[in-house]
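In: Mind looking at a prediction? Sequence and model below.
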Amino acid sequence: MRSPSAARLTATITYCLSETGRERSVKTGGSGAYHQNATGRITPEDLTLFSISPQRHISTVFNWAEFDAPQEFRTLLAHLRKRHQRLSTIRTVLEAEGMAQVAFGDHDDPS
């Protein structure tokens with residue numbers, strides 16, 4: 001039996017195509033729809049990047065960019081991982097600033 005950390009799960013990433021991307025999609029036999037789905041395999045470590053529905057469907061929406069061509073799942077997953085890392089770094093910095101504020105007070109306050 002495989003360990004849970006070795007398990008591979010199927011997930012869907014919904015992403016958006018620009019007008020150019022929709023035209024390219026149609027030319028290559030795709031639907032040309034604004035919203036596209038890419039499905040692929042993830043590891044349990046990637047679950048924090050996704051939502052899990054009550055029916056146990058694993059998915060996320062990549063809606064902060066439009067693409068000029070249809071995308072592969074692995075490329076989208078790499079974007080999600082990088083974005084998650086950037087946001088985690090920002091969160092850590094903000095938390096550290098908040099802790100410093102509590103510990104050392106507001107040095108800009110003239111009173």
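Out: It's in.
In: Can you report phi and psi for Gly21?
Out: Here the main-chain torsion angles of Gly21 (degrees, to the nearest 10) amount to phi -60, psi -40.
In: and what of Thr14?
Out: According to degrees, to the nearest 10, Thr14 has phi -90, psi 130.
In: So it sits against His35, correct?
Out: Yes: taking Cβ atoms under 8 Å as the definition, Thr14 is a contact partner of His35 at 5.7 Å. In short, each C-beta sits where N, CA and C put it, glycine included.
In: So these two - more neighbours on which side?
Out: Between Thr14 and His35, Thr14 has the larger neighbour count (other Cβ atoms under 10 Å), namely 14 against 11.
In: ok, the more buried one - contacts?
Out: 35-37, 59-63 (Cβ atoms under 8 Å, 6 or more residues apart in numbering).
In: tell me, what residue is most central in this structure?
Out: Leu80 (3.2 Å; Cα atoms, centre = their mean).
In: dump the residue contacts of it.
Out: 13, 46, 49, 60, 62.
In: Quick check: Gln55 vs Tyr34, distance?
Out: Shown here: Gln55 relative to Tyr34, a distance of 25 Å by Cβ to Cβ, to the nearest Å.
In: same thing with Arg86?
Out: Distance of Arg86 to Tyr34, given as Cβ to Cβ: 26 Å.
In: Buried residues, the longest helix seen in the chain. List them.
Out: Criterion DSSP state H: the longest helix present in the chain is helix 73-104. Going by neighbour count (16 or more other Cβ atoms under 10 Å), the buried part of helix 73-104 is 73, 76-77, 79-80.
In: still on that earlier bit, sort out for me which of the contacts of Thr14 are in strands.
Out: Those of the contacts of Thr14 mapping onto strands are 35-37, 59-63, per DSSP state E.
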